[in-house]
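K.L.:
Make a model of this:
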Amino acid sequence: MNKSLHNNIRNIYLLGFFNSFMVINPVFVPLLQGHDLSMNQVLQTQALFALTIALFEVPSGYIADMWGRRRAILLGSVLFALGFVYLLWADSFVDFLVFEAILGLGFSLISGADLALLYDTEMYLQEQGSEHGAGAGKSLSRLISIEAAASGIAGIVASVLLFWSLDAVVIAQLAIGLVPLVLAFALVEVPRPRLETSHGGNARSILELLLFGKPVVLWTAFAIAAFGLLAVYVFWIYQKYWEFQGVPIEWYGYIWAAFALVVSVSANYASALEQRLGTHRLLCLIGVLPVLGLLGMALGAGWIGVMFGFALQVSRGLSMSLFYEALNRRVPGHFRATVNSLVSLAVRAIFIGTGPLLGYALDRFGVTSTLLLLAAIFTPVIAVVLIPLVLRIRKEEASENPQVVPAN
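P.N.:
Sure, this is the predicted structure:
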């Protein structure tokens with residue numbers, strides 16, 4: 001059993017790699033614009049993607065907790081493959097809406113379940129006294145790093161494929177999209193005790209955990225949602241921004257690769273940086289970098305503005321590693337996939353209404369004004385999220401490690 005579970009870790013890493021090996025992402029905006037879609041329509045397709053996830057994220061996470069992580073991942077991988085098959089014939093706005101709906105359903109099934117299965121596997125191996133695992137926290141950082149590296153490599157591959165055509169990128173994406181389905185069959189479910197409570201009782205337990213359990217859990221979830229939402233926004237601004245700065249499309253993939261590499265390295269060394277700087281200083285750094293990046297992109301010209309995008313990527317890698325490890329460490333294994341899905345739901349739910357507005361702002365006011373608007377919105381949001389989180393972490397540390405005895 002331990003050998004199979006050790007293989008689980010490798011297979012989840014590979015699954016994360018190929019699910020993130022999206023060669024269409026670095027050129028997705030030009031691809032849709034080539035089919036006569038405006039930026040508003042491009043962001044509408046992403047709003048539908050977010051809506052699909054919003055509708056199925058929590059039910060799919062709960063299914064993964066109750067029915068099994070492996071089965072949820074397997075079904076999600078099937079839908080991923082079907083989505084990329086459909087993309088081959090997509091030509092209109094409606095076609096791309098259907099594509100995003102299929103992909104969104106597949107993503108909702110995999111999202112949360114893969115993190116939960118990886119964390120469960122590491123915890124089980126640790127309980128069994130195995131020395132093969134890297135530890136739950138380190139494994140999560142590695143998975144985030146691997147996924148970011150895959151995105152970077154995909155960017156380079158996309159640039160190479162553009163020597164032929166955008167169609168070559170779509171065909172390659174189909175071939176890559178079939179690999180996770182093979183890997184999903186090789187996964188093994190971790191032995192877990194079956195919950196005897198009703199579904200209503202499970203729902204109450206999850207809400208009590210988030211709202212009335214450890215305060216750090218709730219504020220960490222808020223932080224993941226806030227930084228995740230900003231990451232989704234800039235994800236869809238980047239390509240339009242590069243066009244605005246006069247960057248040739250052939251360079252998109254290479255810039256994408258460099259950005260993803262920075263996320264990968266940042267996530268991989270987040271734990272070491274936390275030990276060196278301390279949690280509180282690292283959180284301050286994570287909060288300052290996105291604001292610096294947005295302002296630098298808005299006010300910088302040409303490649304100088306492009307370079308400021310790296311600040312956002314460093315923050316992204318550090319925050320994902322730090323926040324997700326902190327969340328999963330404090331959440332019981334029974335509800336780990338559900339809670340991960342709830343956090344993702346918060347991001348997608350907000351993006352449903354604001355995504356098309358972002359597209360409208362880009363079409364109507366331009367890239368610079370949109371970036372300044374995001375900076376004005378997210379500066380107070382980041383402060384409102386991180387300051388209470390720092391205070392609650394300090395309170396939790398004080399309660400767990402009392403060093404000063406109050407005088408009578």
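K.L.:
Now do the buried residues in stretch 170-186.
P.N.:
170-174, 176-177, 179-181, 183-184 (16 or more other CB atoms under 10 Å). C-beta: built from backbone N, CA, C; applies to glycine.
K.L.:
got the CA coordinates for it in PDB?
P.N.:
The C-alpha trace of stretch 170-186 is given here as PDB (Å, rounded to 0.1, in the frame of the first residue of the first chain):
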ATOM      1  CA  VAL A 170      -5.000  23.900 -30.700                       C
ATOM      2  CA  ILE A 171      -4.100  20.500 -32.000                       C
ATOM      3  CA  ALA A 172      -1.100  20.200 -29.600                       C
ATOM      4  CA  GLN A 173      -3.400  21.200 -26.700                       C
ATOM      5  CA  LEU A 174      -5.700  18.200 -27.600                       C
ATOM      6  CA  ALA A 175      -2.800  15.800 -27.500                       C
ATOM      7  CA  ILE A 176      -1.600  17.200 -24.100                       C
ATOM      8  CA  GLY A 177      -5.200  17.200 -22.700                       C
ATOM      9  CA  LEU A 178      -5.400  13.400 -23.100                       C
ATOM     10  CA  VAL A 179      -2.400  12.700 -20.800                       C
ATOM     11  CA  PRO A 180      -4.200  13.500 -17.400                       C
ATOM     12  CA  LEU A 181      -6.900  11.000 -18.200                       C
ATOM     13  CA  VAL A 182      -4.200   8.200 -18.300                       C
ATOM     14  CA  LEU A 183      -2.600   9.500 -15.100                       C
ATOM     15  CA  ALA A 184      -6.000   9.600 -13.300                       C
ATOM     16  CA  PHE A 185      -6.400   5.900 -13.700                       C
ATOM     17  CA  ALA A 186      -3.100   5.300 -11.900                       C
END
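K.L.:
what about that stretch, distance to the chain center?
P.N.:
For stretch 170-186, the separation from the chain centroid amounts to 19 Å (computed by CA atoms, centre = their mean, to the nearest Å).
K.L.:
For that stretch, which outside residues touch it?
P.N.:
By CB atoms under 8 Å, 6 or more residues apart in numbering, the list of residues contacting stretch 170-186 from outside reads 7, 11, 14-15, 18-19, 21-24, 31, 70, 73-74, 76-78, 80-81, 83-85, 87-88, 157, 161.
K.L.:
ok so, going back, the buried residues of stretch 170-186 in strands, which ones?
P.N.:
Among these, DSSP state E puts none in strands.
K.L.:
For those, give me TSV that also has distance to G104 and pLDDT.
P.N.:
Output for the buried residues of stretch 170-186, formatted as TSV (distance: CB to CB, whole Å; pLDDT from 0 to 100):
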residue	distance to G104	pLDDT
V170	18	88
I171	22	90
A172	22	91
Q173	16	91
L174	18	91
I176	18	90
G177	14	88
V179	20	91
P180	16	90
L181	17	90
L183	21	90
A184	18	89
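K.L.:
Using TSV, lay out the residues you listed together with distance to L372.
P.N.:
Shown next, in TSV, are the buried residues of stretch 170-186 (distance: CB to CB, whole Å):
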residue	distance to L372
V170	35
I171	39
A172	37
Q173	34
L174	39
I176	37
G177	37
V179	41
P180	39
L181	43
L183	43
A184	43
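K.L.:
Which ones among the residues you listed map onto helices?
P.N.:
The helices, defined by DSSP state H, take in 170-174, 176-177, 179-181, 183-184 from those.
K.L.:
Of the buried residues of stretch 170-186, just say which sits nearest to G253.
P.N.:
A172 (12.0 Å; CB to CB).
K.L.:
what about that closest one, distance to S20?
P.N.:
To S20, A172 is 15 Å away according to CB to CB, to the nearest Å.
K.L.:
Repeat that for I304.
P.N.:
According to CB to CB, I304 and S20 sit 29 Å apart.
K.L.:
Same check on R142?
P.N.:
Counting by CB to CB, the gap from R142 to S20 is 13 Å.
K.L.:
Same question for L389.
P.N.:
L389 is 27 Å from S20, by CB to CB.
K.L.:
Comparing these two, which shows the higher neighbour count?
P.N.:
L389 (24 against 21; other CB atoms under 10 Å).
K.L.:
That one is in contact with L282, isn't it?
P.N.:
No. Here L389 does not reach L282: they are 11.7 Å apart, not a contact under CB atoms under 8 Å.
K.L.:
which helix in the protein runs the most residues?
P.N.:
helix 367-400.
K.L.:
Flag every buried residue along that one.
P.N.:
Quick answer for helix 367-400 (16+ other CB under 10 Å): 367, 370-372, 374-375, 378-379, 382, 385-386, 388-390, 392-393.
K.L.:
what's around G366, how many residues?
P.N.:
Around G366 there are 12 other residues, counting by other CB under 10 Å.
K.L.:
pLDDT value on it, please?
P.N.:
Per-residue pLDDT puts G366 at 88.
K.L.:
How about the contacts made by G359?
P.N.:
Counting by CB under 8 Å, 6+ apart, G359 touches 38-44, 236.
K.L.:
Out of the residues you listed, which is nearest to Y324?
P.N.:
When those are ranked by distance to Y324 (CB to CB), W236 comes first, at 22.2 Å.
K.L.:
list the buried ones in the helix or strand harbouring the closest one?
P.N.:
W236 is part of helix 215-244 when elements are defined by DSSP states H and E. Within helix 215-244, the residues that count as buried by 16+ other CB under 10 Å are 215-234, 236-244.
K.L.:
Helix or strand with the lowest mean pLDDT in the protein?
P.N.:
When the helices and strands of the chain are scored by mean pLDDT, DSSP states H and E, helix 199-212 comes last with a mean of 51.
K.L.:
Where does pLDDT dip in this protein?
P.N.:
1-4, 57-66, 128-137, 192-216, 328-342, 344-345, 396-408 (pLDDT under 70).
K.L.:
For F222, see how far away the most centrally placed residue in it is.
P.N.:
Nearest to the mean C-alpha position of the chain, by CA atoms, centre = their mean, lies G228 at 6.8 Å. From G228 across to F222, the span is 11 Å (CB to CB).
K.L.:
do S319 as well
P.N.:
12 Å.
K.L.:
And V78, by the same measure?
P.N.:
Distance of V78 to F222, given as CB to CB: 33 Å.
K.L.:
repeat for G253
P.N.:
Applying CB to CB, the value for G253 to F222 is 34 Å.
K.L.:
again, but for A116
P.N.:
Taken as CB to CB, the span from A116 to F222 is 20 Å.
K.L.:
give the contact list for L299.
P.N.:
305, 368.
K.L.:
I'm done for today, thanks for sticking with me.
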